[in-house]
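Asks: Below are the sequence and a predicted model; questions follow.
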Amino acid sequence: MLVHGGESGVTSHWLVKSEPNAYSFADLQRDGSTVWDGVRNNAAALHLKAMKVGDEAFFYHSQEGKEIVGIASVTRTAFPDASDPTGRFVAVELAPVRALKNSVTLADMKAESALKDMAMLRQSRLSVSPVSDAEWAAILKMAGG
DNA sequence: GCCAACGTTGGC
DNA sequence: GCCAACGTTGGC
């Protein structure tokens, strides 16, 4: 699909982290959509600002599970994060796409050579990170299609 | 619970 | 503008 401007129709892929105790993929499925706010890191915020409607993101459970459990899509591009008193940070809106058939654990990802340069593995504390097309495909394959 | 990584803050 | 101190994240 061709729209206007330089980024027309090209979707990007991302990975977002959440502690399932705080907000799990099941919560997202229950809610239908959610405002992805609370990001307080400039690198992560830059990634949020680069998200386009229709981009898809792996939904990773940190601490409990340490695995990718599902896919979400961006339904609203970056807007000011109302929970940020400084006004510096942004939020996006995400909706659930589907759960993965098999979740892909951190150990699985570390063991996969195709993922050795993955942003989330190189910088584990980053809560929003880009995923290349090759990495996206590799993880989908690991998840059972 | 501990600790490594890393970002942020504030004194100078 | 530097850098030490501190806070937070997240794997182990």
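Replies: Arrived safely, thanks for sending. Numbers count the residues shown, from 1 in each chain, chains lettered A, B, ... in the order given.

Asks: Show me what the longest strand along chain A is packed against.
Replies: Secondary structure of chain A per DSSP state E: the longest strand is strand A:90-105. Judged by 3 or more Cβ pairs under 8 Å, 6 or more residues apart in numbering; DSSP states H and E, the packing partners of strand A:90-105 are helix A:25-31, strand A:34-36, helix A:42-50, strand A:56-61, strand A:67-80, helix A:133-142. Where you see a C-beta, it was placed from the backbone N, CA and C, and this is true even at glycine.

Asks: Could I get the ones you listed in CSV, plus columns for mean pLDDT and mean neighbour count?
Replies: Below are those laid out as CSV (pLDDT from 0 to 100; neighbours: other Cβ atoms under 10 Å):
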stretch, mean pLDDT, mean neighbour count
helix A:25-31, 97, 16
strand A:34-36, 96, 20
helix A:42-50, 93, 17
strand A:56-61, 98, 24
strand A:67-80, 97, 19
helix A:133-142, 97, 17
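
Asks: of all the ones you listed, which lies closest to residue A:91?
Replies: Among these, the nearest to residue A:91 by Cβ to Cβ is strand A:34-36 (5.2 Å).

Asks: what about that closest one and DNA strand C, any contact?
Replies: No. Using Cβ under 7 Å from any atom of the strand, strand A:34-36 stays clear of DNA strand C, coming no nearer than 12.9 Å.

Asks: and that strand, which strands flank it?
Replies: strand A:90-105 (antiparallel) (DSSP bridges).

Asks: Which residues in the next helix or strand after the strand it pairs with does the neighbour count mark as buried?
Replies: Counting by DSSP states H and E, the next helix or strand C-terminal to strand A:90-105 is helix A:106-111. By neighbour count with 16 or more other Cβ atoms under 10 Å, helix A:106-111 contains the buried residues A:106, A:108-109.
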